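K.L.:
Next come a sequence and a model predicted from it.
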Amino acid sequence: MSKLTLIEITQDEIDLDALLSRITSVNTGAAAIFTGLVRGFTQNGRQNVTEYLEYEAYQPMAEEKMKQVAEEIRIKWPDVEGIAMVQRVGRLFPQTPTVMIACSAAHRNTGVFEAARYGIDRLKEIVPVWKKEVGPNGEAWVEGEHIHEIRK
Amino acid sequence: MNVKVLLFATLRDRAGSKFLELEIPDAMNVGDLKHRIATDFPTLRESMNSVLVAINREYAFDEGLIPVNAEIAMFPPVSGG
């Protein structure tokens, strides 16, 4: 198959099955899918309740940076065929998938697991998306910790 | 030259606006622009310590010069995923 890269920032529900079908072909034997979800409870020193997260993106740059991550994956794991990378934005409640990275290939030993892991790690480092956590005690922006990776 | 700086997340909240417009000298660098914003917009002063800057949708660093008609954006460390 041609090496399809699917990049999307969307307000809509992430449809894992539909996205998977777009990056697979009759030659595909394996796909590794990572999805991140909103947690309703977190322990950050003390119990914390999340009602929802509000995601926003600097959309044009976020799309370009997601394409960059996909290109990096293709250099590191040339046997990966399809790559789907989707970030959902807007108001997202606990148990909702917020992001998906899927990598497909002919076999599982082509690097698909590592490629998907790399994809989510890089997305969290360089793609300009932010989330605000809203709970019973108010709201707070979550700020990332990857300033040094970007600056080096 | 006149520039528009797009703001996101905490910066937008602190500024109370989605963008800033200001007049800067030609060939100003990113570090000087950050100092200028810290001076002119006190609510953003603290944010300038950890701010990320993008010029034409690519990360830019203090020594980088601001080209004419650039799309400039400022935002906190990213927290997507």
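P.N.:
Thanks, I have the structure now.

K.L.:
Which strand residues bridge the residue in chain A that chain B sits nearest to?
P.N.:
Nearest to chain B in chain A, going by CB to the nearest CB, is A:Val129, at a distance of 2.7 Å. For every residue, glycine as well, the C-beta is placed using N, CA and C. Under DSSP bridges, the beta-bridge partners of A:Val129 are A:Ala57.

K.L.:
if I read this right, it contacts B:Gly81, doesn't it?
P.N.:
Yes. Applying CB atoms under 8 Å, one finds A:Val129 in contact with B:Gly81, separated by 7.5 Å.

K.L.:
neighbour count winner among those two?
P.N.:
Neighbour totals were compared for A:Val129 and B:Gly81, and A:Val129 leads with 29 against 19 (other CB atoms under 10 Å in any protein chain shown).

K.L.:
any low-confidence regions in chain A?
P.N.:
For chain A, residues meeting the criterion pLDDT under 70 lie at A:1-2, A:146-152.

K.L.:
At the contact with chain B, which residues of it appear?
P.N.:
Applying CB under 8 Å from any CB of the partner chain, we find that chain A lies next to chain B at A:36, A:55-58, A:60-62, A:64, A:87, A:98-99, A:120, A:123-132, A:141-147, A:150-151.

K.L.:
So how do I select the buried members of these in ChimeraX?
P.N.:
In ChimeraX syntax, the buried subset of those is picked out as below (16 or more other CB atoms under 10 Å in any protein chain shown):
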select /A:36,55,56,57,58,61,62,64,87,98,99,120,123,124,125,126,127,128,129,130,131,132,141,142,143,144,146,147
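
K.L.:
thinking again about what came up before, which residues does the residue of chain A closest to chain B contact?
P.N.:
Counting by CB atoms under 8 Å, 6 or more residues apart in numbering or on different chains, A:Val129 makes contact with A:9, A:55-58, A:62, A:87, A:89, A:123, B:78-81.

K.L.:
Out of these, the closest to B:Ile55 would be?
P.N.:
A:Tyr58 (12.5 Å; CB to CB).

K.L.:
Wait, the closest one touches B:Leu52, no?
P.N.:
No. Judged on CB under 8 Å, A:Tyr58 makes no contact with B:Leu52 at a distance of 10.1 Å.

K.L.:
Going by residue numbers, what spans are strands in chain A?
P.N.:
A:5-10, A:30-37, A:41-43, A:47-49, A:52-57, A:83-88, A:90-92, A:97-105, A:129-135, A:138-142 (DSSP state E).

K.L.:
same deal with chain B?
P.N.:
Using DSSP E, the strands of chain B run over B:2-7, B:19-23, B:52-55, B:58-60, B:72-75.

K.L.:
Count the residues that sit near the one residue in chain B that gets nearest to chain A.
P.N.:
Of all residues in chain B, B:Gly80 sits closest to chain A, at 2.7 Å by CB to the nearest CB. Under the neighbour criterion other CB under 10 Å, B:Gly80 is assigned a count of 28.

K.L.:
roughly how far apart are it and A:Glu8?
P.N.:
13 Å (CB to CB, to the nearest Å).

K.L.:
would TSV of the contacts of A:Val129 with distance to B:Glu58 be doable?
P.N.:
Converted to TSV, the contacts of A:Val129 look like this (distance: CB to CB, whole Å):
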residue	distance to B:Glu58
A:Ile9	18
A:Tyr55	22
A:Glu56	20
A:Ala57	16
A:Tyr58	12
A:Ala62	13
A:Gln87	19
A:Val89	21
A:Leu123	17
B:Val78	14
B:Ser79	20
B:Gly80	17
B:Gly81	21
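
K.L.:
who's in contact with the residue of chain B most remote from its centre?
P.N.:
The centre of chain B is farthest from one residue, B:Gly81, which by CA atoms, centre = their mean lies 23.5 Å away. By CB under 8 Å, 6+ apart, the contact set of B:Gly81 is A:36, A:87, A:98-99, A:120, A:123-124, A:129.
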